[in-house]
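J.: give me a model of this one.
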Amino acid sequence: MALKIVPLDASGGLAEAQQAFVASGLVAQHLHHPDIVAVHAVGTEGATGWIAMEAVPGGDLARYAERARLLPEPVLARVVARVARALAHAHRQGVVHRDIKPANVLVDWGTDTVKLVDFGLARSGDTAQTGTGIVPGTPAYMAPEQLAGNLPTARSDLYALGVLLFQLRSGRLPHEAATMGALLKQVATQAAPPLSAVATGVSPALERLVQRLLAKRPAERPADAEEVAAVLRALALPAAP
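T.: The predicted structure follows:
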């Protein structure tokens, strides 16, 4: 078992912060899927929250975001297909992750383990935002509608999955800027470059999938995470002789 300690943002009141943290932990505790890290218990002590969770060997996918360490496309597709299946399960329960990124995907090659972690920002069908009115998450992976302050949906998670695929296939983010303001403007107004323009040997199927995932309009993204998983599983299979 592993214990995660989290400082609470009590700017809106300690009691509210504690309640929100425990509520998020309980959402994660009720997600049972082989590719989602199991949460056993959650609680708070003053301005600190704690989560007792399944211990997972290995490391996260962030180490493979550098150009010198990129995974082969079939391996990447196999891993992210499992992340997509985990997301599909969460979405069927009405849970949006809100913070999909390489650091929140754990892998252990020796045991063939893939675990989606950190549902600490997740909500089940609510409209909660922070006291500042900003939806929490990691800006570089957030969908345009999420950055605009709208309620994240399952398709917001799919956008983040597109950013993750783009980065792990190319070694860079689809939108990069020196300031937060410039990043927000890019995400809102500029299309991401074609994946094949920044990475070599990209399959047409993966390029089409990433382009759809990074669509500005949620309705133009894939219908659900199961559809994404199906495309990725096909890319993970060896070509027929």
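J.: okay, CA-based contacts and neighbour counts for the rest of this
T.: Noted.
J.: which is the next helix or strand following whichever strand or helix holds residue 6?
T.: Here residue 6, judged by DSSP states H and E, is contained in strand 2-7. Toward the C-terminus, strand 2-7 is succeeded by helix 14-29 as the next helix or strand (DSSP H and E).
J.: what's that next one packed up against?
T.: Using 3 or more C-alpha pairs under 8 Å, 6 or more residues apart in numbering; DSSP states H and E, the elements in contact with helix 14-29 are strand 39-45, strand 48-53, strand 123-124.
J.: distance between that helix and the chain's centre?
T.: 20 Å (C-alpha atoms, centre = their mean, to the nearest Å).
J.: do stretch 92-105 as well
T.: The answer for stretch 92-105 is 4 Å, by C-alpha atoms, centre = their mean.
J.: figure out the length between the terminal residues of it.
T.: 20 Å (C-alpha to C-alpha, to the nearest Å).
J.: for the record, mean pLDDT for it?
T.: Stretch 92-105 comes out with an average pLDDT of 94.
J.: may I see the buried residues of it?
T.: 94, 95, 96, 97, 98, 99, 100, 101, 102, 103, 104, 105 (16 or more other C-alpha atoms under 10 Å).
J.: can you tell me which of these are in helices?
T.: Within these, no residue falls in helices by DSSP state H.
J.: for the helix or strand encompassing residue 161, name the packing helices and strands.
T.: Residue 161 belongs to helix 154-170 when assigned by DSSP H and E. When contacts are defined as 3+ C-alpha pairs under 8 Å, 6+ apart, helix 154-170 sits against helix 73-92, strand 95-96, helix 195-198, helix 204-213.
J.: ok, back up a step: which elements pack onto the strand holding residue 6?
T.: Packing partners of strand 2-7 (3+ C-alpha pairs under 8 Å, 6+ apart): strand 48-53.
J.: list the buried residues for the strand it packs on?
T.: For strand 48-53, by 16+ other C-alpha under 10 Å, it's 48, 49, 50, 51, 52, 53.
J.: ditto for stretch 29-37
T.: 29, 31, 35, 36, 37.
J.: with stretch 191-202 instead?
T.: In stretch 191-202, counting by 16+ other C-alpha under 10 Å, buried: 192, 195, 196.
J.: tell me which helix or strand comes right after the worst-scoring helix or strand of the chain on mean pLDDT.
T.: One helix or strand of the chain scores below all others by mean pLDDT, DSSP states H and E: strand 123-124, with a mean of 46. Counting by DSSP H and E, the next helix or strand C-terminal to strand 123-124 is helix 144-147.
J.: quick check, central residue of this protein?
T.: residue 100 (1.1 Å; C-alpha atoms, centre = their mean).
J.: count of neighbours near the closest residue to it other than its chain neighbours?
T.: What sits nearest to residue 100 in space, not counting adjacent residues and going by C-alpha to C-alpha, 6 or more residues apart in numbering, is residue 160, at 5.6 Å. Look at residue 160: counted by other C-alpha atoms under 10 Å, it has 25 neighbours.
J.: and the gap between residue 78 and residue 219?
T.: Taking C-alpha to C-alpha, one finds residue 78 at 26 Å from residue 219.
J.: compare neighbour counts for those two and give me the winner.
T.: Between residue 78 and residue 219, residue 78 has the larger neighbour count (other C-alpha under 10 Å), namely 18 against 10.
J.: so what's that one closest to, chain neighbours aside?
T.: Per C-alpha to C-alpha, 6+ apart, closest to residue 78 is residue 236, 5.1 Å.
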